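In: for reference, the sequence and a predicted model appear below.
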Amino acid sequence: MHRLSLCVAVLGLACIVAPAVAQAPPAATTDELIATRQANMAVQSSAIEEMMMAIGAGTDITRFKDTADTIAELGQAIPGLFAPGTESGLATRALPKVWSDRAGFESLAAQLVGEAQLMSKAAAADDRPAFTQAWRATFAACSACHMTYRGDRRTP
C-alpha cells in the first residue's frame, strides 16, 4: 500500500509540475535581442583586441584557449540574434542586407566560428605562428561581416 501511495503522490505532483515546465519561456523582445547581440559583439571585440596586444607583446598565448572558445560559442549564436523583426530598434547598425543576404551573413558567422576554433587549438598547443594566423583570419571574418552587414556609427 505504501508503494501505491507513493506512486499516486508522484503522479499527482507530475500533473501539477508538468504544465509549468512545458510552458515556453517568454520570447525576447526586439530590443532585448538587439542588446544581446551588441553585448555579444562587444565581448568578441574586446577579446580580439586583447589577443592582438598579446601577439604584439610576445606574451603567453596559452591563456587564450578559453577566450577563443568563447568567441566560437558567441559566433555560433550570431545568426539567431539577428532574427526577423530585429531590423530596427535600440540603435541597431545592422543593415537590411543581413536579412536579404542571409546565406552570406550566416557563411561569415560560420567562418568566424571555424577560425576561432583554430585559434583555440593553436593556443592550447602554444603554437604562436598558427595562433597568429588564426587570429588574423578571425579578425578578417569579423571585419568582412562588419563591412558588409553593419552600417556606420550613429552620432547622438
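Out: Noted; the coordinates are in hand.

In: ok, and the closest non-adjacent residue to T62?
Out: Computed as CB to CB, 6 or more residues apart in numbering, the closest residue to T62 that is not its neighbour in sequence is D126, at 5.1 Å. (Glycine included, C-beta is placed from N, CA and C.)

In: for the one you found, grab phi and psi.
Out: phi 50, psi 40 (degrees, to the nearest 10).

In: so the residue nearest to C145 when sequence neighbours are not counted: helix, strand or coil?
Out: What sits nearest to C145 in space, not counting adjacent residues and going by CB to CB, 6+ apart, is L108, at 4.3 Å. Secondary structure assignment for L108 (DSSP: H, G, I helix; E, B strand; the rest coil): helix.

In: how about I78?
Out: Reducing the assignment to helix, strand or coil with three-state DSSP, the entry for I78 is helix.

In: the chain should start at 76 in everything you say after this.
Out: Fine by me, first position is 76 from now on; the one you just mentioned is I153.

In: residues contacting it?
Out: Neighbour list for I153: R112, N115, A184, L187 [criterion: CB atoms under 8 Å, 6 or more residues apart in numbering].

In: and what of V173?
Out: Contacts of V173 were listed using CB under 8 Å, 6+ apart, and they are F157, E162, F180, Y224.

In: which SSE is F206 in?
Out: When elements are defined using DSSP states H and E, F206 is found to belong to helix 203-224.

In: now swap in A103 and tell me
Out: Counting by DSSP H and E, A103 is part of no helix or strand.

In: for E124, same thing?
Out: According to DSSP H and E, E124 maps onto helix 105-132.

In: that helix - contacts with which helices or strands?
Out: Contact analysis of helix 105-132 by 3 or more CB pairs under 8 Å, 6 or more residues apart in numbering; DSSP states H and E lists helix 140-156, helix 203-224 as its packing neighbours.
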